[in-house]
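K.L.:
fold the stuff below for me.
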Amino acid sequence: MTERSDPPESQESIGRRLRETREALDLSPREFCEAVGFSKTQLENYEAGRRLMKPAMAVLVINAFPNAKLDFNWIYHGDLAGTSHGFAQRILAQRGSERAA
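P.N.:
Predicted structure coming up:
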């Protein structure tokens with residue numbers, strides 16, 4: 001499913017970006033949960049789009065990875081402009097390899 005199939009602010013789109021973020025940071029679900037302070041169940045529910053990640057939870061993600069320069073625009077709207085160049089490149093590369101598959 002591509003980003004265009006859901007509104008950028010949908011639970012599913014936010015969950016997809018959270019998964020993309022974790023994968024771009026090259027972290028396992030366990031490593032990501034430890035860094036952010038999520039439980040495994042929380043992460044699974046967010047990534048699957050079963051639960052909407054509230055702003056307070058997004059702040060935990062943003063603060064856990066300062067070098068990526070994550071922000072609300074990326075998490076909630078899919079706008080990579082405020083993120084670090086390296087992070088944005090990894091996201092775009094991931095998306096390119098998904099399309100090619």
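K.L.:
can you name every helix or strand that the helix ranked longest in the chain contacts?
P.N.:
Under DSSP state H, the helix in the chain containing the largest number of residues is helix 85-100. The helices and strands touching helix 85-100, judged by 3 or more Cβ pairs under 8 Å, 6 or more residues apart in numbering; DSSP states H and E, are helix 11-24. C-beta: built from backbone N, CA, C; applies to glycine.
K.L.:
could you give the angle of the helix it packs on to helix 85-100?
P.N.:
Helix 11-24 and helix 85-100 are oriented at 110 degrees to each other (axes from the mean of the first three to the mean of the last three Cα atoms, to 10 degrees).
K.L.:
how close does Leu52 sit to Ala58?
P.N.:
From Leu52 over to Ala58 the distance is 10 Å, taken as Cβ to Cβ, to the nearest Å.
K.L.:
who's more crowded, these two?
P.N.:
Comparing Leu52 with Ala58 by other Cβ atoms under 10 Å, the one with more neighbours is Ala58, at 19 against 15.
K.L.:
surely that one touches Phe72?
P.N.:
Yes - contact criterion Cβ atoms under 8 Å: Ala58 and Phe72 qualify, at 6.2 Å.
K.L.:
could you check the pLDDT of the residue nearest the centre of the chain?
P.N.:
The centroid of the chain falls nearest to Leu18 when counting by Cα atoms, centre = their mean (2.1 Å). If you check Leu18, the pLDDT there is 98.
K.L.:
this completes my enquiry, with thanks.
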